[in-house]
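> Here's my sequence, what's the structure:
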Amino acid sequence: MMKKAPTPRTALAPGLAKVLKRLHYPLDVMLMCVRWYVAYGLSLRNLEEMMTERGIDVDHSTVHRWAIKLLSVLEKAFRRRKRAVGRSWRVDETYIKVQGQWKYLYKHPTRLEGGDS
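Alright, predicted model coming up:
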């Protein structure tokens, strides 16, 4: 007998799966609404209108409840996976590909002093 593939809700972290258990909309719709709400600063009523245009009937207060429930759980999950930042970090250094090989590129600071030199 072949093993059943996990559904998206059962393949999630236990905390997130517990929150999603009572929510009855498709997970991709909920996450898309919450993402747009946070990332683009859209109002809840704008999101309601945008979802209606896409054929999804959802109330603005429902989107607000999703944001309240999902954001705290997602924040905890993301923090667990967040990598530590190294001690040294510079904006003026990077790697670039030159003729098919990766090369280290460092931009030396320029003198920004004025006057006679």
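> How about residues contacting the longest helix seen in the chain?
Criterion DSSP state H: the longest helix present in the chain is helix 60-81. By CB atoms under 8 Å, 6 or more residues apart in numbering, the list of residues contacting helix 60-81 from outside reads 13, 15-16, 19, 23, 25, 30-31, 33-34, 37-38, 43-45, 47-48, 51. C-beta coordinates here come from the backbone N, C-alpha and C atoms, glycine included.
> Give me the buried entries from these.
The neighbour count (16 or more other CB atoms under 10 Å) marks 16, 19, 23, 25, 30, 33, 34, 37, 44, 47, 48, 51 as buried among those.
> Surely the second one is in a strand?
No. Assessed by DSSP: H, G, I helix; E, B strand; the rest coil, residue 19 does not belong to a strand; its assignment is helix.
> residue contacts, it?
69, 70, 73.
> can you do 6 Å?
69, 73 (CB atoms under 6 Å, 6 or more residues apart in numbering).
> roughly how far apart are the residue most central in space within the chain and residue 79?
Nearest to the mean C-alpha position of the chain, by CA atoms, centre = their mean, lies residue 35 at 7.1 Å. Applying CB to CB, to the nearest Å, the value for residue 35 to residue 79 is 17 Å.
> hang on, the earlier thing: the strand or helix carrying the residue nearest to the centre of the chain packs against which elements?
Assigned by DSSP states H and E, residue 35 falls within helix 27-40. Packed against helix 27-40 by the contact rule (3 or more CB pairs under 6 Å, 6 or more residues apart in numbering; DSSP states H and E) you find helix 60-81.
> Could you list the low-pLDDT ranges of this structure?
1-16, 87-91, 108-117 (pLDDT under 70).
> is it true that residue 33 touches residue 47?
Yes. Counting by CB atoms under 6 Å, residue 33 touches residue 47, with 5.4 Å between them.
> if we can go back for a sec, give me the next element, helix or strand, following the helix holding residue 35.
Next in line after helix 27-40, if elements are assigned by DSSP H and E, sits helix 44-53.
> Now do that next one: which elements does it pack against?
helix 60-81.
> Kindly export the helix or strand just after the helix it packs on (C-alpha atoms) in PDB.
Using DSSP H and E, the next helix or strand after helix 60-81 towards the C-terminus is strand 93-98. Extracted in PDB, the C-alpha atoms of strand 93-98 (Å, rounded to 0.1, in the frame of the first residue of the first chain):
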ATOM      1  CA  GLU A  93      32.000  43.800  -1.300                       C
ATOM      2  CA  THR A  94      30.400  41.000  -3.300                       C
ATOM      3  CA  TYR A  95      31.100  38.100  -5.700                       C
ATOM      4  CA  ILE A  96      30.600  38.500  -9.400                       C
ATOM      5  CA  LYS A  97      30.900  36.000 -12.300                       C
ATOM      6  CA  VAL A  98      33.700  36.800 -14.700                       C
END
